[in-house]
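[1] prediction below, plus the sequence it came from.
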Amino acid sequence: MSHETRPADAPSPGPTPASDRRVGPVQRLVRLLLDLVRGGLIGVVEIVPGVSGGTVALIVGVYETLIDGAGHLARGAALLVADGLRGRGIRRAMEHVRSVRWSVVLPLGIGMLIAIVAGAALLAPLLESNPIQTKALFAGLIAASLIVPIRMVGGRWRAREVVIALLAAATSFVLTGLPPAAEADPSLVVVAIAAAFAVCALVLPGVSGSFLLLTVGMYAPTLAAVNDRDLAYLGAFVLGAVLGLGLFVSGLQWLLAHRHRITLVVMTGLMLGSLRALWPWQTEGNALQAPDEGVGSAVLLFGIGVVAVLALIAVEAVLLRRRVLSPDSVSDERPEPDERPAPAER
């Protein structure tokens with residue numbers, strides 16, 4: 001085994017070509033379609049206030065791939081800005097770009113884009129006409145998905161970790177209870193700034209980008225921009241999202257590498273507290289109300305959401321077990337060759 005060291009900012013090697021060559025064309029097509037569907041699921045929830053795209057990325061098993069790819073792109077862009085004028089930036093940036101798992105990230109991105117465009121036209125009217133039933137369904141999905149970060153923490157939770165999770169849940173509960181700001185026609189600068197914060201939902205499970213937009217009064221304008229194909233608005237939004245992702249993802253990657261347990265504990269708490277936003281009976285100012293109508297259908301749909309996620313987790317566990325038992329299988333989230341366990345917390 002080679003003990004050669006590489007610079008701290010050097011990109012880690014991508015997936016092994018030999019593993020990819022073992023996959024036939026049919027398996028590649030199936031994987032492509034699955035990644036399109038996964039991206040579509042993430043894209044659909046991105047337009048639902050209170051539901052985190054990062055949560056769905058965790059559930060469908062592409063969270064680490066997205067984080068890793070976003071980190072490489074962010075570092076590549078930073079190198080291009082810092083060293084571009086000295087001639088080294090382009091070469092070093094391209095090394096990071098090549099380290100992104102484009103075979104997974106690209107279909108995920110396409111699926112997300114298609115789902116966002118389609119969902120803005122289809123899901124928004126559904127939320128308006130059946131808010132109680134729709135929120136109940138998504139509440140069931142999020143409640144069951146708490147299993148994902150809890151299992152990722154691993155081992156028995158310490159009392160300190162339980163307290164931290166409850167504090168994170170309380171913070172998320174309070175933030176999701178803030179009354180939404182008045183809708184306005186924002187400037188493109190404001191659009192970019194809002195997008196930079198909203199993109200955290202792709203990185204941090206439990207935080208809803210759509211809800212952040214709703215809180216600052218930009219949810220309806222953004223949804224209208226998607227439906228109206230307002231390219232100026234959407235361009236400013238994408239630019240702000242890219243900048244925000246570049247600033248945020250590196251910090252989260254460091255936390256996952258050096259403070260893995262506590263980061264996932266906080267994620268779990270944020271997801272738990274965010275369930276407040278999906279309580280079906282609320283006023284327009286986000287004040288909670290007692291159930292008054294549609295209780296039966298809400299309970300049924302909540303249960304359907306729970307069962308759907310539990311079934312998905314069970315299927316994923318079976319598939320993962322088969323991958324582990326099969327030496328020729330290729331996991332979507334396999335560690336990179338030089339990946340080492342995160343240092344233990346003290």
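    Perfect, thanks for sending it. Numbering: from 1, shown residues only.

[2] residues near residue 29, how many?
    Taking other CB atoms under 10 Å as the neighbour definition, residue 29 ends up with a count of 10. The way it works is simple: take the backbone N, C-alpha and C, and place the C-beta from them, glycine included.

[3] which helices and strands sit right next to whichever helix or strand it is part of?
    Residue 29 is located in helix 25-46, with elements delineated by DSSP states H and E. With contacts taken as 3 or more CB pairs under 8 Å, 6 or more residues apart in numbering; DSSP states H and E, helix 25-46 sits against helix 53-59, helix 102-129, helix 200-203.

[4] and residue 126, what does it touch?
    Under the criterion of CB atoms under 8 Å, 6 or more residues apart in numbering, the neighbours of residue 126 are residue 134.

[5] can you give me the distance of it to residue 116?
    15 Å (CB to CB, to the nearest Å).

[6] just residue 103 next, same as before
    Taking CB to CB as the measure, residue 103 falls 22 Å from residue 116.

[7] with residue 296 instead?
    Applying CB to CB to residue 296 and residue 116 gives a distance of 32 Å.

[8] of the two, who's got more company?
    Remark: of residue 296 and residue 116, residue 116 carries more neighbours, 20 against 8, as counted by other CB under 10 Å.

[9] tell me the buried residues in the helix holding residue 29?
    Neighbour counts over helix 25-46 (16 or more other CB atoms under 10 Å) mark 31-32, 34-36, 38-46 as buried.

[10] and that helix, how far out from the chain middle?
    When distances are taken as CA atoms, centre = their mean, to the nearest Å, helix 25-46 is centred 15 Å away from the chain's centroid.

[11] got it, and stretch 147-162?
    The chain centroid and the centroid of stretch 147-162 are separated by 20 Å under CA atoms, centre = their mean.

[12] related to what we said a few turns ago, do you know which of the helices and strands packed on helix 25-46 lies nearest residue 321?
    Taking CB to CB, helix 53-59 is the member of the helices and strands packed on helix 25-46 nearest to residue 321, at 17.5 Å.

[13] what helices and strands are in contact with the helix or strand following the closest one?
    Next along the chain after helix 53-59, taking DSSP H and E as the criterion, comes helix 63-83. Using 3+ CB pairs under 8 Å, 6+ apart as the contact criterion, the neighbours of helix 63-83 among helices and strands are helix 53-59, helix 89-99, helix 102-129, helix 200-203, helix 231-258.

[14] relative to residue 274, which of those is closest?
    Evaluated over these, closeness to residue 274 peaks at helix 53-59, with 8.5 Å, by CB to CB.

[15] which stretches of the stretch 201-346 of the chain have low pLDDT?
    Applying pLDDT under 70 to the predicted model, the residue ranges of the stretch 201-346 of the chain that meet it are 201-208, 211, 215-216, 316, 319-320, 323-346.
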